[in-house]
Each structure stands twice: as structure tokens, then as C-alpha cells.
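[1] Okay, predicted coordinates and the sequence, questions at the end:
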Amino acid sequence: METLKNVGLVLSGGGFKGVAHIGAIKAIEEAGLFPNYVSGTSAGAIVGSLYAAGHSIEKIKSFFSKTPLFKLNRFTRKKAGFLDSEKFYDDLINYFNENSFESLEKKLFVTATNLLAGTVTVFNEGELIKPILASAAFPGVFSPIQIGDQLYSDGGILDNFPITPIKKQCDMIIGIDVTPIRKPKLTDFRHAYNVMQRAYYLRAMPNSETKFDECDLVIQPKKLTNHGLFSSGNLDQIFELGYQEAKQQLEQYFENQK
């Protein structure tokens, strides 16, 4: 296989299922591929930013295990959401030498939804932390983030598979989608978050699938349907699902290249 100058990585949203991204990245590097362009949204923006900063697989994984969501001091007061997105600022800033895209080792693109304009915004320069928080601000759960005179929320609302920022710049693009869907049962809808999760899937998945053909390789662990967006109790299992699926898909990809 010829040497690839620019390898791109597209990371979907998916809450705690984003830990599968980390497992997949481990398999990708073990296969001798080292992406230098990363485009992510929501959970994919968090994983992508930590990866772009040069952190190890274990350190990226530890961010998710060491960052509790539902601590009392994270709940909002007079903001549109249950959790105050800005209260996760300190959790992130400790992982970066500087609060800027320019300080990263890899080229990073983070997408968020501009709630005022109703459009997708791509961030790739200047301040880093606020765009990440905005990209991961799941509507109704996390409060939106104001950047300048605009208000931003989860990038997955309009584009859960942000390949556009990197597709013209890379020799190879690997997409990782962690939001496969299955047909639910009536008993699955017991709580408000079940409805929000289903609505997210119904919007995100068709939007993502239309872009899979633009990738050289797509990794989508189907067994992630057994895990919820906000289920943090099985991170090791979610990581392993990403790793094993990526390993299998990579083996098949290289076999087809012979």
C-alpha cells in the first residue's frame, strides 16, 4: 500500500458511546495508519480534540471515566438545559497546553449548530474549548454556548458525520459512526431521555449514512445499539466494541487492497 500523506478521521456524535471512537483509533494506529486530519462533532469533537492534542489512548479514555456528568454543582441555574455546559470548561482545559486550535499536533475541525442562523458552523482556528463544549451541548440536556454574538448547540443536530471539512484535503478518510440504530420496543420509552435519544438517532443516522460512501472505510460497531447515549457504566465494553469492529474492518480493507 502506498504511503499516505494525509489521513482523515471523521468522528460522529454519540454521548458516552463516543468511547468506541477511542478503541477504534487504537486499532487504526496498530494497523499503521496515523490520521493527521480530524473532524468531529459532539462526543466525536471531544475525542478528536484530545487525540489531536497528542494524548495517549489511555489518557483520552480516562477523560470519560473521570468526568462525571450529573454532579450537583453542574446543574444549571436560569439556563436552557439541565447541565451547565460551561461548568465542564475546567475538565477540558487541563488536557491542553493552550486554549487554541493552533496549539494542537493534528489539524482539527469541530462542528456545532448555530441556533440563531439554523446552520452548521465549522471551527478550526482560535479559541478551542468553547467550540468543543458547544459541539457537545446535547439539546435539552446541556445548555447552549454563546460564542461572540451567536448561540451554539450540539453539532449532531444538523450534521452528525462531519466529513465535509476534510474530504478535499485527505488521501484517505476513515469514518467512525457510533450511533447505529435498531427498532425500539414500546417499553423502551419509559423516560424523557429515551424519547430525546430516539429523536436524536432518527435525525442523525439517515444524515450520516448518506456520507458513508465518501469514506474509504467506515467503522460502525452494530452492538452499540445495546448502549445508551448517557450510559457511563460500561465504558470498557464500549471501548472494546470500537476496537474489535475497527480491527475487523481494517483487516478486510487491507485484504481488499491486495
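    Great, that's in hand.

[2] CA only for contacts and neighbour counts going forward, please
    OK.

[3] can you give me the helices for this protein?
    19-30, 43-52, 57-66, 89-93, 129-135, 192-209, 235-257 (DSSP state H).

[4] shaky segments in the stretch 101-250 of the chain?
    The model of the stretch 101-250 of the chain has pLDDT under 70 over residues 181-184, 187-188, 190-206, 229, 232.

[5] wait, which of the helices of the chain is closest to K106?
    With Cα to Cα as the criterion, K106 lies closest to helix 43-52 of the helices of the chain, at 4.7 Å.

[6] so that closest one versus helix 19-30, what angle?
    Taking axes from the mean of the first three to the mean of the last three Cα atoms, to 10 degrees, helix 43-52 and helix 19-30 form an angle of 40 degrees between their directions.

[7] ok, and the closest non-adjacent residue to the residue nearest the centre of the chain?
    Closest residue to the average C-alpha location of the chain: G44 at 1.2 Å, with Cα atoms, centre = their mean. Closest residue in space to G44, ignoring its immediate chain neighbours: L11 at 4.6 Å, by Cα to Cα, 6 or more residues apart in numbering.

[8] Tell me how many other residues surround the one you found.
    Applying other Cα atoms under 10 Å, we find 31 other residues in the vicinity of L11.

[9] Equivalent analysis for the one 5 residues further on, please.
    By other Cα under 10 Å, 23 other residues sit near F16.

[10] any idea how far it is from V38?
    19 Å (Cα to Cα, to the nearest Å).

[11] re earlier: please identify which of the helices of the chain is closest to G228.
    Nearest to G228 among the helices of the chain is helix 192-209 (7.9 Å), distances taken as Cα to Cα.

[12] Name the residues linked to V218 by a beta bridge.
    Listed beta-bridge partners, V218: G175 (assigned using DSSP bridges).

[13] D154 touches G118, doesn't it?
    No. Because the distance of 11.8 Å does not satisfy Cα atoms under 8 Å, D154 is recorded as not touching G118.

[14] Which one's more surrounded, the two?
    Comparing D154 with G118 by other Cα under 10 Å, the one with more neighbours is D154, at 31 against 11.

[15] Now for that one: which residues touch it?
    41-42, 112-113, 134-139 (Cα atoms under 8 Å, 6 or more residues apart in numbering).

[16] Same check on G15?
    Counting by Cα under 8 Å, 6+ apart, the residues that G15 touches are 42-43, 228-230.

[17] per-residue pLDDT, it?
    Predicted confidence (pLDDT) at G15: the value is 85.

[18] And for M1?
    On the pLDDT scale, M1 is placed at 49.

[19] So what's the residue count around the closest residue to Y51 other than its chain neighbours?
    Distance criterion Cα to Cα, 6+ apart; nearest residue to Y51, sequence neighbours excluded, is I60 at 7.1 Å. I60 sits with 20 neighbouring residues when counted by other Cα under 10 Å.

[20] Which parts of the stretch 51-200 of the chain are strands?
    For the stretch 51-200 of the chain, strands defined by DSSP state E, counting those that start in this stretch occupy the ranges 107-114, 119-123, 145-147, 150-153, 172-176.

[21] Could you look over those strands and pick the most buried one?
    For the strands of the stretch 51-200 of the chain, ranked by mean neighbour count under the definition mean count of other Cα atoms under 10 Å, the leader is strand 107-114 at a mean of 28.

[22] ok, that strand: who's next to it in the sheet?
    Strands that pair with strand 107-114, judged by DSSP bridges, come out as strand 37-41 (parallel), strand 119-123 (antiparallel), strand 150-153 (antiparallel).

[23] Contacts made by the last one with the rest, please.
    Identification of contacts with strand 150-153 by Cα under 8 Å, 6+ apart yields 112-116, 134-139, 143-146.
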